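Asks: Okay, predicted coordinates and the sequence, questions at the end:
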Number of protein chains: 2
Amino acid sequence: MLFLKVRLLDIDLLDLVLINPEDIKASQYFPGDRVVLIYKNKEEIGTIYSSTLVNRGEIGITKELAKSLKVKEGELITIKHADKPRSLAYIKKKMDKNKLSKEEIFLIVDEMVNNKLTNIEISAFVTSLYINGMDMDEIEALTIRMAETGEMVEWESLVFDVHSIGGVPGNKYALLTVPIVASAGLKIPKTSSRAITSAAGTADVMEVLTRVDLSIEEIKNVVKETNGCLVWGGALNLAPADDITINVERPLGIDPKPLLLSSVMAKKLAMGVSKLLIDIPIGREVKVKDEKEGNKLAREFIELGERLNITTECALTYGNQPIGRAIGPALEAKEALETLEDPYKGANSLVDKATHLAGILLEMGGIAPAGEGKEVAEELLFRKAHDKFMDIIVAQGGKEVRSEEIEVGKYFIDIVSPKDGYVIELSNNKITKIAKEAGAPNDKKAGVYLNVKVGDKVEKGDLLFTIYSSSEDRLKNAIKLARTLYPIKVEGILIKRIVRF
Amino acid sequence: MLFLKVRLLDIDLLDLVLINPEDIKASQYFPGDRVVLIYKNKEEIGTIYSSTLVNRGEIGITKELAKSLKVKEGELITIKHADKPRSLAYIKKKMDKNKLSKEEIFLIVDEMVNNKLTNIEISAFVTSLYINGMDMDEIEALTIRMAETGEMVEWESLVFDVHSIGGVPGNKYALLTVPIVASAGLKIPKTSSRAITSAAGTADVMEVLTRVDLSIEEIKNVVKETNGCLVWGGALNLAPADDITINVERPLGIDPKPLLLSSVMAKKLAMGVSKLLIDIPIGREVKVKDEKEGNKLAREFIELGERLNITTECALTYGNQPIGRAIGPALEAKEALETLEDPYKGANSLVDKATHLAGILLEMGGIAPAGEGKEVAEELLFRKAHDKFMDIIVAQGGKEVRSEEIEVGKYFIDIVSPKDGYVIELSNNKITKIAKEAGAPNDKKAGVYLNVKVGDKVEKGDLLFTIYSSSEDRLKNAIKLARTLYPIKVEGILIKRIVRF
């Protein structure tokens, strides 16, 4: 036990705790030790580092930690060594290839959410799940607890949702699907994420048009008024353990099956969704590589959904090239609006995907007879979706807007074809990289607009794509990258025929 | 790319990089991003956090990072996003249960040592090794690269070493074994560690008597003069990757076999050891639980030794209770000295272990005929070891000292037996916990002195053990803990007989 006077630090490294080197020397604590900070009846966990930024007798803690402890600068707090987290034994048990009980999984999730596990321990858990997996009982427990340890939303009637796993660039279909479904009278409070590794998440795109950081109360009001919404889930504290594991999965570049399933379903469970459609894009450069794998994953989502009392259907969709032509927040918002304003002008891939998915939801909701959902969705897209989308934008705090009013980057460059031939390849990953180099998603006006898609015939000098940016420097970097990556391949007839075979 | 003016931070969190929140907002960087810091021809890796401790246009980096970059406060440095470490693909390959090539393992070790891997990635690697293991080719490559990426010591003649894996409390035998072996004319430059989870490492004990943070040059001089030394390996930059993995293994409480083997052997390879004896304690509360496991591990050490050109033998030793009677740096130093001054007074377990291990080394060095090593070692213990030990102490920078001059904690308490009976159990772990609660190893004078060992007959009120501390408060805490843990079990005759059976 050590008593120290609080000194507030403005650093966003939550668990940082600074102690003067002389105090550390005289104590039983070492830099890197995990400690419990105690103030009155509150406890928080931190990690000690030695620093002369604080004087002897002082303890430097972040403002956020001080807020959780309800302690003010200058007050005395106590620290003691943190016990090893109790759930470590169960993480070890999973390393040893054993099945975990519900209670054991609950404790792991609880300790993760309560900041009792470090990244070292969470990484060991994630790696164990990647190697040793979980059965459906374990995944069910994991999902339920991930949901329960955050906000849980309740609705008076059934709510619908649609969710895509794995990223296809330009995947702005939800801006069409949600208003179509809402205009048919079904409630669809769609939460989405910001870009993690992509050039634009649905929330980034929607933010070009209106507010997305709504509270649950605000979401309920919007849905009451319009039947739908398109908001940022990150503002809502839904299934916080999911964000914690994602922060470890991302640098490792792995997505263990149990976490892939629980991540999606915990957020839906927390959001109170009753009927869910999952879009599983299939392609060389997306999460799911082939149909067989897609079918297996779909069956698992459906089984987990049943256990959670969420009616779940899945759609395998084409993921080998971007959806539509625009990649980047403003470009995508503009494309979605254009398509809602005049669906005849929209890219086939976008209209097709949006109405297909909407159609399934309409069938799930009993609005359309089996097999006729897409047709009904198309009709709604032409007749009602645009007005419904405007209502949603206004209800979320924005203003009605026309596609031509959306500004995109004022610096741009056209990239043209070096020869005659056919577009035989369009790389999702490379297009994303170029859009990000140009500034997306932080620079909302940056991105890539594709003038061609796979299979198109082009002549030398024809426009392939345009890169946009708000910054001349970033545009230059993006051009440089585009020249190295060569994201669109054009080949002559002969090679084209071999590829076709 | 972002150019920022350096501001020095005195925090021992090596890779901390602070940027003003306004600069972060205007940049493409997010808190938590790994970045490369570039100054002239130097590069280092850091992790960005947002903080108003630095002004706009400034970048806060630790003094140590600035030293590596050779940059001074106020100078401009550049940052860019760090690429994913290349070795991540090989860590992933191990997660997928594949054998790694020599080159792949080399890259993992190199990136670990160059601070390119975070704890998240290292934990994934360690966990993968725990679950999927490595074959001897892989372990050999791991060991060689761990050694090569640090200091490599060369000697003009053969050098011997003895190393214990896994902790038995009170394991101060090296303070006897090294002078015995050195007094026989063999060179034995023993490096050891400070306590990690124990109450005293050999280096902590030796530090009570003399300097232990010698440079390699100094070690060579001491060995030239006396044939032996007992120094702290941590001062030497031997196999730095080993320390990096240990920092992850420790919180997880795992010790994957490939790392257990490479950890020991990389340090020995780096230290230039030619003939090595490995002590493998066997017991309920130590790393190796039974003889079968001990034999298997011994064979692996011997095979790895052969591949590294280090002649290796192993000794399985009794590890079910502490060695000797003293636990804690000063208490152990005192006990070792007493035993050297008059071996008749020494605890059987200590004299026996020290001479047994010394005997094997003497046989390995051709000093004693096969089967007679222990006898020769005993003779040397009586005739020469004490003087040799004094020479070593003096050569390392200390002064000759008598056991009665060693000070132990001035606060102490005797714990007595609550009843008549026999000591049927003495828990290593509990004794260690009590010694640590009393302040060991930071408080060198703190610890536990055992008055009884397993099998001893005691009467009600007889002294079981004494707890020492330099702090009255800490002694109180240790007493409280001793009352809860009940580290020594005394049972009546009846139970004793059942246990004997």
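Replies: Nice, I can see it.

Asks: from here on, contacts and neighbour counts on C-alpha atoms
Replies: Will do.

Asks: Tell me which residue is most central in chain A.
Replies: Nearest to the mean C-alpha position of chain A, counting by C-alpha atoms, centre = their mean, stands residue A:193 at 3.6 Å.

Asks: Local confidence estimate at that residue?
Replies: Per-residue confidence (pLDDT) for residue A:193: 87.

Asks: try residue A:500
Replies: Reported pLDDT for residue A:500: 34.

Asks: ok, now how distant is the residue nearest to the centre of chain A from chain B?
Replies: Between residue A:193 and chain B the distance is 16 Å, computed by C-alpha to the nearest C-alpha, to the nearest Å.

Asks: same deal with residue A:274?
Replies: Distance, residue A:274 to chain B, using C-alpha to the nearest C-alpha: 35 Å.

Asks: Please look at that residue and residue A:313 and confirm they touch.
Replies: No - counting by C-alpha atoms under 8 Å, residue A:313 is not a contact partner of residue A:274; they are 11.5 Å apart.

Asks: one step back: contacting residues around the residue nearest to the centre of chain A?
Replies: When contacts are counted by C-alpha atoms under 8 Å, 6 or more residues apart in numbering or on different chains, residue A:193 touches A:201-204, A:232-234.

Asks: Near chain B, which residues of chain A are found?
Replies: Selection of chain A residues close to chain B by C-alpha under 8 Å from any C-alpha of the partner chain yields A:9-13, A:18, A:28, A:31, A:49-53, A:84, A:88, A:95-96, A:119-121, A:123-124, A:127-128, A:130-131, A:248, A:251-252, A:439, A:442.

Asks: out of these, which are buried?
Replies: Using 16 or more other C-alpha atoms under 10 Å in any protein chain shown as the burial test, those include A:9-13, A:18, A:28, A:31, A:49-51, A:53, A:88, A:95, A:119-121, A:123-124, A:127-128, A:130-131, A:248, A:251-252, A:439, A:442 as buried.

Asks: Which of those residues fall in strands?
Replies: Those of those mapping onto strands are A:9, A:18, A:49-50, per DSSP state E.

Asks: Any chance of JSON lines for those, columns pLDDT and distance to residue A:471?
Replies: Shown next, in JSON lines, are these (pLDDT from 0 to 100; distance: C-alpha to C-alpha, whole Å):
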{"residue": "A:9", "pLDDT": "83", "distance to residue A:471": "34"}
{"residue": "A:18", "pLDDT": "92", "distance to residue A:471": "39"}
{"residue": "A:49", "pLDDT": "91", "distance to residue A:471": "39"}
{"residue": "A:50", "pLDDT": "91", "distance to residue A:471": "41"}
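
Asks: Just send those residues back as CSV, with distance to residue B:402 too.
Replies: As requested, those are arranged in CSV below (distance: C-alpha to C-alpha, whole Å):
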residue, distance to residue B:402
A:9, 50
A:18, 41
A:49, 39
A:50, 37
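
Asks: List just the nearest of those to residue A:339.
Replies: Proximity of those to residue A:339 (C-alpha to C-alpha) peaks at residue A:9, which lies at 49.0 Å.

Asks: Now that closest one: closest residue in space, sequence neighbours ignored.
Replies: residue A:62 (4.6 Å; C-alpha to C-alpha, 6 or more residues apart in numbering or on different chains).

Asks: Same check on residue A:313?
Replies: That would be residue A:277: by C-alpha to C-alpha, 6+ apart, it lies 4.9 Å from residue A:313.

Asks: what's the helix or strand hosting the one you found in contact with?
Replies: Using DSSP states H and E, residue A:277 maps to strand A:275-282. Residues outside strand A:275-282 that contact it (C-alpha under 8 Å, 6+ apart): A:158-168, A:287-291, A:294, A:298, A:310-320, A:357, A:360-361, A:364.

Asks: Now, the residues you listed that are in helices?
Replies: Counted as lying in helices by DSSP state H, out of the contacts of strand A:275-282, are A:291, A:294, A:298, A:357, A:360-361, A:364.

Asks: Pipe these into TSV and attach distance to residue B:340 per row.
Replies: Shown next, in TSV, are the ones in helices among the contacts of strand A:275-282 (distance: C-alpha to C-alpha, whole Å):
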residue	distance to residue B:340
A:291	75
A:294	72
A:298	73
A:357	83
A:360	85
A:361	85
A:364	85
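
Asks: Can you tell me which of those lies closest to residue B:24?
Replies: So of these, ranked by how close each gets to residue B:24 (C-alpha to C-alpha), first place is residue A:357, at 38.1 Å.

Asks: residues near that closest one, how many?
Replies: Residues within reach of residue A:357, counting by other C-alpha atoms under 10 Å in any protein chain shown, total 27.

Asks: Please apply the same query to residue A:42.
Replies: Other residues lying near residue A:42 total 12 when counted by other C-alpha under 10 Å.

Asks: hmm, back to that, who does the residue nearest to residue A:313 bridge with?
Replies: For residue A:277, the beta-bridge partners are residue A:162, residue A:313 (DSSP bridges).

Asks: what bridges to residue A:282?
Replies: residue A:288, residue A:318.

Asks: Residue B:122 versus that one, what's the distance?
Replies: When distance is defined by C-alpha to C-alpha, to the nearest Å, residue A:282 is 32 Å away from residue B:122.

Asks: Next: residue A:227.
Replies: According to C-alpha to C-alpha, residue A:227 and residue B:122 sit 47 Å apart.

Asks: what's the host helix or strand of residue A:259 in contact with?
Replies: In this structure, residue A:259 sits in helix A:257-270 according to DSSP H and E. Helix A:257-270 is contacted from outside by A:129-130, A:133-134, A:139-140, A:142-144, A:146-148, A:150-153, A:238-239, A:242, A:300-301, A:304-305, A:308, A:310, using C-alpha under 8 Å, 6+ apart.

Asks: so for that helix, what's the average pLDDT?
Replies: So the average pLDDT for helix A:257-270 ends up being 96.

Asks: same check, this time on stretch A:145-164
Replies: 96.

Asks: Please apply the same query to stretch A:471-490.
Replies: 90.

Asks: buried ones in it?
Replies: A:471, A:474-479, A:481-482, A:487-490.

Asks: follow-up on the earlier one: just the ones of the contacts of residue A:193 in helices?
Replies: Applying DSSP H to the contacts of residue A:193, the entries found in helices are A:202-204.

Asks: Including pLDDT, could the residues you listed go into TSV?
Replies: Output for the ones in helices among the contacts of residue A:193, formatted as TSV (pLDDT from 0 to 100):
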residue	pLDDT
A:202	95
A:203	95
A:204	95
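
Asks: Need the buried ones from these selected in ChimeraX.
Replies: In ChimeraX syntax, the buried subset of the ones in helices among the contacts of residue A:193 is picked out as below (16+ other C-alpha under 10 Å):
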select /A:202,203,204
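
Asks: Tell me the one of the ones in helices among the contacts of residue A:193 nearest chain B?
Replies: residue A:204 (14.8 Å; C-alpha to the nearest C-alpha).

Asks: Does that closest one touch residue A:441 like I think?
Replies: Yes - counting by C-alpha under 8 Å, residue A:204 touches residue A:441, with 7.0 Å between them.

Asks: intersection of neighbour lists for the two?
Replies: The contact lists of residue A:204 and residue A:441 share A:195, A:329, where a contact means C-alpha under 8 Å, 6+ apart.

Asks: Contact partners for the nearest residue to residue A:117 once chain neighbours are set aside?
Replies: Spatial nearest neighbour of residue A:117, excluding adjacent residues (C-alpha to C-alpha, 6+ apart): residue A:111 at 6.1 Å. Contact analysis of residue A:111 by C-alpha under 8 Å, 6+ apart lists A:85, A:87, A:117.

Asks: Report how many residues lie close to the second one.
Replies: Close neighbours of residue A:87, defined as other C-alpha under 10 Å, add up to 21.

Asks: again with the one 5 residues further on
Replies: Applying other C-alpha under 10 Å, we find 20 residues neighbouring residue A:92.

Asks: just checking, it is part of a helix?
Replies: Yes - assessed with DSSP: H, G, I helix; E, B strand; the rest coil, residue A:92 lies in a helix.

Asks: Quick check, pLDDT for it.
Replies: 97.

Asks: so how far is residue B:122 from whichever residue of the stretch 251-400 of chain A sits closest to chain B?
Replies: For the stretch 251-400 of chain A, the residue closest to chain B is residue A:252, as judged by C-alpha to the nearest C-alpha, at 6.4 Å. To residue B:122, residue A:252 is 10 Å away according to C-alpha to C-alpha.
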